[in-house]
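>>> Got a predicted model here, sequence first, then my questions.
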Amino acid sequence: MMWPLRFISFWLWYAKEFFLANLYVTLDVLRPKKRMKTNPAIIAVPAASVSNTEWTLISCLITLTPGTLTLSISREHKILYVHGMFVDSREQLVAEIQEMENRMLRALRRVPGELARPIQAPVVVPSDLPEEGDQQ
Amino acid sequence: MDLHVIAHTAGMVFIFLGIVTIIVAGIGLFRLPDLYLRASAVGTSAGLGVASIVLGVLLMDFSWLNLIKAAVAIVAQLLTSAVGSMAIARSGYLNNSLPAAITHTDDLLRTRRDYRREAS
């Protein structure tokens, strides 16, 4: 597909996802307590973003979707820490976020290029040195 | 004239939808157990509610200048509500407000300095 087409179709797709997620969260908030489906988790999602724009936009888009929330990012390890409201398994949330990221990167870049991610989430330990150009 | 009535009704519907969204977000504040669930459910629902009200007002009083104003207002509202929720959630986590007990996985906990590793 040509680049402007990809750009427009991504925003249409995102608007659809946004309204569906809104509906889902609204229904769950109004459900009686015993049948609430909230199943929250904080998951480290490997990301393929590179530039500042991409990192900012993907974390904003994740937060903007009701039910998911970016808590923190680590650009050094290429990880997005995402809090999800309906997480039945780690793989499900990771797949959801990575699909959104793939679509976003294809919409932003004229040439999609490399969409590789670290397959296994690296072990992140606290260090005393602040990460280069990163805010936690 | 007829078009005017239709636009007016549609505007009313959007304003009403926006009000309902904000009320549901308010109910969510009471019903959800911890900071992160509240921030993720409420931050964006409130953003959508305000955006929907702005859209409704635009339909009721349409002009091209108002269209530009409304577009800027909606984009700014959604962006700031997203950044605000992230800032609140992140500062909550840094200030030891741990997620509710129903949170079944917490990968961010491993990056904390006071996290005890069983292996070592």
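Everything's here; your move. If you're wondering where the values come from, they're calculated on a predicted model, not measured in any experiment.
>>> switch to C-alpha atoms for all contacts and neighbour counts from now on
Noted.
>>> Can you tell me which residue sits nearest the middle of chain A?
Nearest to the geometric centre of chain A sits A:Ile97, at 4.0 Å (C-alpha atoms, centre = their mean).
>>> what separates that residue from A:Thr63, distance-wise?
With distances taken as C-alpha to C-alpha, to the nearest Å, A:Ile97 is found 11 Å from A:Thr63.
>>> follow-up on the earlier one: which stretch of helix or strand covers the residue nearest to the centre of chain A?
Per DSSP states H and E: A:Ile97 is located in helix A:90-108.
>>> can you pull the buried residues of that helix?
Going by neighbour count (16 or more other C-alpha atoms under 10 Å in any protein chain shown), the buried part of helix A:90-108 is A:93-94, A:97-98, A:100-108.
>>> How far off centre is the biggest helix by length in chain A?
Ranked by residue count and defined by DSSP state H, the top helix of chain A is helix A:3-30. Relative to its parent chain, helix A:3-30 has a centroid offset of 13 Å by C-alpha atoms, centre = their mean, to the nearest Å.
>>> who are the neighbours of it, in terms of helices and strands?
Under the contact criterion of 3 or more C-alpha pairs under 8 Å, 6 or more residues apart in numbering or on different chains; DSSP states H and E, helix A:3-30 touches helix A:90-108, helix B:2-31.
>>> Name all residues that make contact with B:Ile102.
A:39-40 (C-alpha atoms under 8 Å, 6 or more residues apart in numbering or on different chains).
>>> what stretches of chain A score poorly on pLDDT?
A:1, A:112-116, A:118-136 (pLDDT under 70).
>>> and it, which of its residues are near chain B?
Counting by C-alpha under 8 Å from any C-alpha of the partner chain, the positions of chain A adjacent to chain B are A:22, A:25-26, A:29-30, A:39-44, A:60-61, A:63-72, A:81, A:83, A:85, A:124-126.
>>> same thing but 7 Å
Residues of chain A lying near chain B by C-alpha under 7 Å from any C-alpha of the partner chain: A:22, A:25-26, A:29, A:39-44, A:60, A:63-72, A:81, A:85, A:124-126.
>>> Got phi/psi on B:Gly92?
Per-residue torsions, B:Gly92: phi -60, psi -40 (degrees, to the nearest 10).
>>> how close does it sit to B:Leu79?
20 Å.
>>> Ok, B:Tyr36 next?
From B:Tyr36 across to B:Leu79, the span is 18 Å (C-alpha to C-alpha).
>>> Same question for B:Arg110.
The gap separating B:Arg110 from B:Leu79 is 30 Å, by C-alpha to C-alpha.
>>> Out of these two, name the residue with the larger neighbour count.
For B:Arg110 versus B:Leu79, neighbours defined as other C-alpha atoms under 10 Å in any protein chain shown are more numerous around B:Leu79 (18 against 15).
>>> how about the nearest residue to the more buried one, chain neighbours excluded?
Excluding its sequence neighbours, the residue lying closest to B:Leu79 (C-alpha to C-alpha, 6 or more residues apart in numbering or on different chains) is A:Cys60, at 7.2 Å.
>>> which phi and psi does the one you found have?
Dihedral pair for A:Cys60: phi -70, psi -40, per degrees, to the nearest 10.
>>> Confirm that A:Ser49 sits in a helix.
No. Under DSSP: H, G, I helix; E, B strand; the rest coil, A:Ser49 sits outside any helix and is assigned coil.
>>> who's in contact with B:Leu106?
I think there's a mix-up here, since residue B:106 is Asp and not Leu. For B:Asp106, the contacting residues are A:41-43, by C-alpha atoms under 7 Å, 6 or more residues apart in numbering or on different chains.
>>> Please apply the same query to B:Ala39.
B:Ala39 touches B:85, B:89, counting by C-alpha under 7 Å, 6+ apart.
>>> Quick check: phi and psi at it.
Reported as degrees, to the nearest 10, the phi and psi values for B:Ala39 are phi -60, psi -40.
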